[in-house]
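> Quick one, what's the 3D model for this:
(chains A and B)
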There are 2 protein chains.
Amino acid sequence: MRRVVLNAGEKFNNGHLKRTSAFNAQALKAATDIVDAVREGGDAALRDFTARFDGVELESFRVSQEAIDAALATLDPNLAKSLQHAADQVREFHERQLQESMFAVRPNGALIGSKLTPIEAVGIYVPGGRALYPSSVIMNAIPAQVAGVERIVCVTPPTKDGSLDPAVLEACRICGVSEIYSIGGAQAIAALAYGTETIEPVNKITGPGNAYVAAAKKIVMGDVGIDMIAGPSEVCVVADETADPKMVAIDLMAQAEHDPLASCYLVCFDAAYADAVEANIEQHMKRSTRADITTASLRDQGLIVVCPDMETAMGAVNVIAPEHLEMHIANAMGQLGAVRNAGAIFLGEWTPEAVGDYVAGPNHTLPTGGTAKFSSPLGTMDFMKHSSVIQYTRQSLADDGDAIVAIADREGLWSHAESVRLRLQELNRG
Amino acid sequence: MRRVVLNAGEKFNNGHLKRTSAFNAQALKAATDIVDAVREGGDAALRDFTARFDGVELESFRVSQEAIDAALATLDPNLAKSLQHAADQVREFHERQLQESMFAVRPNGALIGSKLTPIEAVGIYVPGGRALYPSSVIMNAIPAQVAGVERIVCVTPPTKDGSLDPAVLEACRICGVSEIYSIGGAQAIAALAYGTETIEPVNKITGPGNAYVAAAKKIVMGDVGIDMIAGPSEVCVVADETADPKMVAIDLMAQAEHDPLASCYLVCFDAAYADAVEANIEQHMKRSTRADITTASLRDQGLIVVCPDMETAMGAVNVIAPEHLEMHIANAMGQLGAVRNAGAIFLGEWTPEAVGDYVAGPNHTLPTGGTAKFSSPLGTMDFMKHSSVIQYTRQSLADDGDAIVAIADREGLWSHAESVRLRLQELNRG
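Numbers count the residues shown, from 1 in each chain, chains lettered A, B, ... in the order given. Reported below is the predicted structural model:
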C-alpha cells in the first residue's frame, strides 16, 4: 500500500488522494443515446440493447413466477434463515427512521405544516455478474416497504444461460418483490424511467450499477427520482496500538476484495504498526479465494496514512470522507464527535464492516468517493416525500399582507401582489 | 385555456397533460462540454464563457463588499422590513424541521444509530434577468443557515452594466451570505463544483436555473450534491361553487405571469364556473403589467379540467402532481388526505399562493413538472447528512456472526466472512 507520513503540524489534503471523479463525459454521452433510443423505441430498443450488451435474445423481460419458484426450491435453508434475520434487523432499524406529518398554528391562526406520503412506485437496480448480492435487494427494498411504497420492481441483467440466483430471488420474496425484469445497463434505467409497452414506469430508481447505469440515472433524474451515484466501495480504518493488526488486516481486505478499484485507507500512528498490518495481510492473502482482486486493489488504491496524533488522524478521516469508517482505537465512541464526514461508522474491535454490510440494521447503501461530505445512507425517508401545507385566516392574511405585496411588487410580479390586494380589500369591506 | 370535460367514471390521465420532459439531450451535451472546459481551464475558461454568454468581460468574479454596501444604501426601508419579516417566518418553520442524531441499543448490546452533521459548504444559484428574486435567496440560504452550514456562497449572472440588485443583496445580508460571485450558467455550476483558482469548490449546489444550469447540475451531481431539477412553475386550483371566481382568476394569473411556459390548471365541477373564471381573467388582464407573459402562458399551457365529482377531481390533482395546489373548496382541510402528490398545498380562500411564495414559512423551492410524485420541498435536512453508527459487543457478534458468515460465503466474499470467523474464534478461545 502507498504510504503518506505526516509530521506534527502537517495536514492531510485532497492532493494525497487519487480519487477518480464521478464526472464521465464519455459514459454520459453514450448513456444519453441509449436512454434516448429506449424512450423512442420501447421494448424493441430494449431487446436490441439486451442482445448487444448482454448477448441474450429475450422475448419477454418479465421473470415468470414459475421460474422464480423453481429457483427458490434450490435454496439452502440456512442461507434463507440468515437472510430473514438480516431482513428483520434491517426492517427494525428503518422503522425507527419513519417520520410523522407535522403542523403548527401561529397565534394569528396561520397553519403551517408538512404532510408525508409514500412514493407510489420504485425500481431497484440489482447489478449482475460479480456484484449480484442478495443483501443489496434487502437494503433497497426494505426501506421502500417500510415507507409504504405500493409497487417495488427489481431489474437485473440477464445471464447468458438464463439462470437466476435463488438467494437474490429469496431476498425479493422476503421483501415482497415479485415484479422482476431481466434487463440491465442504461437501457434498464431508461425502461424504468419512461416505461415501455410491457414495463410500467416507476417514480424513483435506486441501487448500484456501473458507469453507464450511473450516467443513465443522472440523465433520467428529474423525470424520476434517483438515489446517490455510487462509486467503488471504500473503507478507512483508524487503528491505534490497542488494535490487533490481524483484525485490521482482514478488515482492509474485506473492502479490497470487492473490486480492483475499491479503496482501502489505514490511518495509524506508527510506521512499525503499519508494517505489522501489511505482514498480516500477506498471511491472510494466502488463504483468500479472491487474492487477485484483493491484491490489485490494495496495491493500486490502498493508502496508509501515518499520523503524529489523533487530531491529525481525524482530520485525514474528514478529508477522505470514507464510505465505511472503522475506529479500532482505545476510546472509539469518545472520538465520534470528531467524525464529520463518513457514510457509516463502525466502533471498536467487535464491529467489522461485514456486520453492517448484512445484519446490523443500518443501510449498506452508503455515500462513496467523498460524497459523504454531502449525502447520507439510503433510508426510509428516501421513499417518502413531503408536501407543505399552508392555511391562512383573515387575521393571518391581514398581518402578513403588506409584506407579501411589498416583495411581490419589488419582484415585478403584479398578479402575485394583486392576489393579496384583492383579498385585503375584501377584508376591509367586511 | 384548453379544456377537458370528464364524465362520470372517466379518469384524468397523463395523456391529458402536455408536459415537456426534464430530459434534454441537446442541453446535456452542450453543458457537458462547458463543465469539462471549466474543469480543465478554471478562471480563464470561466472568463471566456462569461464573455460569450453574458457579454461581459470580468477581471474578478467576486462581488466586492464596497459594491454590496453601495447597492444596499439604495434599498427601500419598507422592502427591507418585509424581507426581514419573511426571513423570520421562514427561519421559524425551517427550525421545526431540524432533526436529532439518534441511537438505540439492542438487549445483546448492539448499538445502532445515526449521527447528523451539517454540510460544510453550499453554493446557491440565483438566476439573473426576469427571475432575479430576493425571495429565492431567503428560501435557499435560510435552511442552510438553520442546518449549520459554515460557508454559503451565492452565484448570479453578471449584468451588462455591472449593476447589482439591492433587494437580492439585502436578502444575502439577512441570511449572512457575503461571498457572492458574478457568474452564471453551466459555467457557474462547474466552478462551484470543481473550483477554480479564485473560487473554492462547495459540497452542494441548490437554486433554480435554465435548461443549461439544470443539465450542468445533473452532470456534476455525484461530485457535489444538488437539489432538485426545477422546471417551469405550476399551480393547480381546485374550485367548487363556494370559491369566488375573481380570486381563482387572479391566483391562476399569479402563476402564469412567471413564464410563458408556466402551467396553470383549474379543476372545477361545472363549465359555467370555468366560464366565470375565464371572464374574470379577462377583466384582471387589462390591469396586469405582465399581460403578455400571462396571456401566453394561459393560452399555451393552461388547462381546465371539469370533473363530475370530488373524487375525480382529486384523482386529476394526483396525476398532475402540481408544484402548487390551491384548494378553494367548502371543506379544504377535509380533502387533505386525498392529496397524494403536490409540492405545497394552500387551503381555503385566504391562502393565495403568494402567501407561501414569500412569508408563510415553508419553502417556495418546490418539486415541479410532476416531480412531486417522488420529491419534496427544499428543507433544512437537505443541508445536513446522516452517518450510520454501529457498535457491536462480544455478545452481539456472537449472536449475529453465523448469519453474517452464511451471507458473505454465499456472496463469495471470503474476507467478509473471515473478518467475522477470526473474531468468533477469539470469542470461543476466551
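> pLDDT score for the residue most central in space within chain A?
In chain A, the residue lying closest to the centroid (CA atoms, centre = their mean) is A:T365, at 3.7 Å. Listed pLDDT for A:T365 reads 94.
> For A:T117, which non-adjacent residue is spatially closest?
Leaving aside its chain neighbours, A:T117 sits nearest to B:R340 (5.5 Å; criterion: CB to CB, 6 or more residues apart in numbering or on different chains). The way it works is simple: take the backbone N, C-alpha and C, and place the C-beta from them, glycine included.
> about what we covered before: give the full set of residues in contact with the residue nearest to the centre of chain A.
For A:T365, the contact set (CB atoms under 8 Å, 6 or more residues apart in numbering or on different chains) comprises A:S136, A:M139, A:N140, A:T206, A:G207, A:P208, A:D227, A:M228, A:A230, A:P377, A:L378.
> now A:V105
For A:V105, the contacting residues are A:L111, A:I112, by CB under 8 Å, 6+ apart.
> please redo it, this time with the cut-off set to 6 Å
Contacts here follow CB atoms under 6 Å, 6 or more residues apart in numbering or on different chains; on that basis A:V105 touches A:L111.
> Could you do A:K115 as well?
A:S101, A:S387, A:V389.
> Only the buried subset of these, as a ChimeraX command please.
In ChimeraX syntax, the buried subset of these is picked out as below (16 or more other CB atoms under 10 Å in any protein chain shown):
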select /A:387,389
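> Output the contacts of A:K115 in CSV, with secondary structure and distance to chain B appended to each entry.
Putting the contacts of A:K115 into CSV (DSSP: H, G, I helix; E, B strand; the rest coil; distance: CB to the nearest CB, whole Å) gives the following:
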residue, secondary structure, distance to chain B
A:S101, coil, 9
A:S387, strand, 5
A:V389, strand, 5
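> Take the contacts of A:K115 and write them to TSV, including pLDDT.
Compiled in TSV, the contacts of A:K115 are given as follows (pLDDT from 0 to 100):
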residue	pLDDT
A:S101	96
A:S387	98
A:V389	98
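> from the contacts of A:K115, which is closest to A:A271?
For the contacts of A:K115, the residue nearest A:A271 by CB to CB is A:S101; the value is 55.6 Å.
> Is it correct that A:L192 falls within a helix?
Yes - applying DSSP: H, G, I helix; E, B strand; the rest coil, one finds A:L192 inside a helix.
> Just the element for the closest residue to it other than its chain neighbours, please.
Ranked by CB to CB, 6+ apart and with sequence neighbours excluded, the top spatial neighbour of A:L192 is A:G123, at 3.8 Å. Here A:G123, judged by DSSP states H and E, is contained in strand A:121-125.
> Report the strands that pair with that strand, each with its relative direction.
Next to strand A:121-125 in the sheet, as set by DSSP bridges, lie strand A:151-155 (parallel), strand A:204-206 (parallel).
> what angle do whichever helix or strand comes after that strand and strand A:151-155 make?
Reading on from strand A:121-125 to the C-terminus, the next helix or strand found by DSSP H and E is helix A:134-147. Going by axes from the mean of the first three to the mean of the last three CA atoms, to 10 degrees, helix A:134-147 is angled at 160 degrees with respect to strand A:151-155.
> What is helix A:134-147 packed up against?
When contacts are defined as 3 or more CB pairs under 6 Å, 6 or more residues apart in numbering or on different chains; DSSP states H and E, helix A:134-147 packs onto helix A:77-95, helix A:166-174.
> which intervals of chain A have sub-threshold pLDDT?
Regions of chain A meeting the criterion pLDDT under 70 cover residues A:21-23, A:130-132.
> Next, the buried residues of stretch A:96-114.
A:R96, A:Q97, A:R106, A:A110, A:L111, A:I112, A:G113, A:S114.
> and what of stretch A:161-178?
A:164-175, A:177.
> Make CSV from the residues you listed and add distance to B:V319 to it.
Formatted as CSV, the buried residues of stretch A:161-178 follow (distance: CB to CB, whole Å):
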residue, distance to B:V319
A:L164, 36
A:D165, 37
A:P166, 39
A:A167, 39
A:V168, 34
A:L169, 34
A:E170, 36
A:A171, 33
A:C172, 29
A:R173, 32
A:I174, 33
A:C175, 28
A:V177, 25
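> what subset of these is also close to chain B?
Under the cut-off given by CB under 6 Å from any CB of the partner chain, chain B has A:A167 from the buried residues of stretch A:161-178 close to it.
> out of the buried residues of stretch A:161-178, who's nearest A:Q395?
Nearest to A:Q395 among the buried residues of stretch A:161-178 is A:C175, at 49.5 Å by CB to CB.
> wait, isn't the closest one in contact with A:A141?
Yes - here A:C175 lies in contact with A:A141, judged by CB atoms under 6 Å, at a distance of 3.5 Å.
> Now stretch A:387-407: buried residues?
Within stretch A:387-407, the residues scored as buried using 16+ other CB under 10 Å are A:387-394, A:396-407.
> Narrow those to those in helices?
The helices, defined by DSSP state H, take in A:394, A:396-407 from the buried residues of stretch A:387-407.
> With distance to chain B as added columns, please give those in TSV.
Conversion of these to TSV gives the following (distance: CB to the nearest CB, whole Å):
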residue	distance to chain B
A:R394	6
A:S396	7
A:L397	5
A:A398	9
A:D399	9
A:D400	5
A:G401	9
A:D402	7
A:A403	4
A:I404	5
A:V405	8
A:A406	4
A:I407	5
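> possible to save those residues as JSON lines with distance to A:A354?
JSON lines is the format used below for these (distance: CB to CB, whole Å):
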{"residue": "A:R394", "distance to A:A354": "61"}
{"residue": "A:S396", "distance to A:A354": "55"}
{"residue": "A:L397", "distance to A:A354": "58"}
{"residue": "A:A398", "distance to A:A354": "62"}
{"residue": "A:D399", "distance to A:A354": "58"}
{"residue": "A:D400", "distance to A:A354": "55"}
{"residue": "A:G401", "distance to A:A354": "60"}
{"residue": "A:D402", "distance to A:A354": "61"}
{"residue": "A:A403", "distance to A:A354": "56"}
{"residue": "A:I404", "distance to A:A354": "56"}
{"residue": "A:V405", "distance to A:A354": "61"}
{"residue": "A:A406", "distance to A:A354": "60"}
{"residue": "A:I407", "distance to A:A354": "55"}
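> Great, nothing more from me.
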